[in-house]
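>>> Got a sequence here, can you build the structure:
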Amino acid sequence: MSDRATAVGPDGAPRCPWALSTADYVTYHDEEWGRPVHGDDALFERLSLEAFQSGLSWITILRRRPGFRAAFAEFKIDAVAEFTEEDRERLLADPGVIRNRAKIDATLANARVLAGWAPGELDALIWSHAPDPAGRPVPRTLADVPAVTPESTALSKALKKRGLRFVGPTTAYALMQACGLVDDHLADCVARRA
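Got it, this is the predicted structure:
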């Protein structure tokens, strides 16, 4: 992680420097990253995609997101929970997704676990780990942005205890950033929430 502060974007506005390498990143950064996400299916999608991202660049996942959505029934928990061995084999052969057996198996297993939860339970569990924004310093440079926090470690443990896989503390923190549980846009970033 660099100690870089915001950088000037194509429109002259300051942004988190990671967002400026591609137009796809600029759009994702400005319109999605750090914005609150609610709903079990929406959070299942983000949790699944963060797991697939593990060890890869986020741009790889972002550019394949339409393929992931098509392959995984728009990440509807109940639909994915019904996937069969034939669906698993289809996914392992689908060039529109990351064909990693462990990650595909974890996504299918997680859907089966979550299908047994009450509506809103995943949303409530994830959001119960959102830290108090008043207790968090606003990051001024990328060096101020952690990869893991006590809250992400606790979220990871809670998800694992409930039977979910591929949800380590780093993945949990990336989920927290992407879904707006924390606002890690740098202090001078145009996308930082007021």
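>>> Now do the SS call for the nearest residue to Leu181 once chain neighbours are set aside.
Of all residues not flanking Leu181 in the chain, Ala130 sits nearest, at 4.0 Å (Cβ to Cβ, 6 or more residues apart in numbering). To be clear about C-beta, it is placed using only N, CA and C from the backbone, and glycine gets the same treatment. Three-state assignment for Ala130 (DSSP: H, G, I helix; E, B strand; the rest coil): coil.
>>> Compute the number of surrounding residues for Ala130.
15 (other Cβ atoms under 10 Å).
>>> Next: Asp40.
A count of nearby residues for Asp40, using other Cβ under 10 Å, gives 23.
>>> swap in Arg46?
Taking other Cβ under 10 Å as the criterion, the count of residues near Arg46 is 19.
>>> on that earlier part again, and the pLDDT for the residue nearest to Leu181?
In the predicted model, Ala130 carries a pLDDT score of 97.
>>> Touching, it and Val182? I think so.
Yes. With contact taken as Cβ atoms under 8 Å, Ala130 and Val182 are classed as touching, separated by 7.2 Å.
>>> Need the residues touching each of the two.
Common contacts of Ala130 and Val182, defined by Cβ atoms under 8 Å, 6 or more residues apart in numbering, comprise Met176.
>>> what ranges do the helices span in the chain?
For the chain, applying DSSP state H gives helices covering 23-31, 40-53, 58-71, 77-81, 85-93, 101-114, 121-127, 150-161, 169-178.
>>> The nearest residue to Thr6 once chain neighbours are set aside pairs with what?
Beyond its immediate neighbours in the sequence, the residue positioned closest to Thr6 (Cβ to Cβ, 6+ apart) is Pro14, lying 3.8 Å away. Beta-bridge partners of Pro14, counted by DSSP bridges, are Val8.
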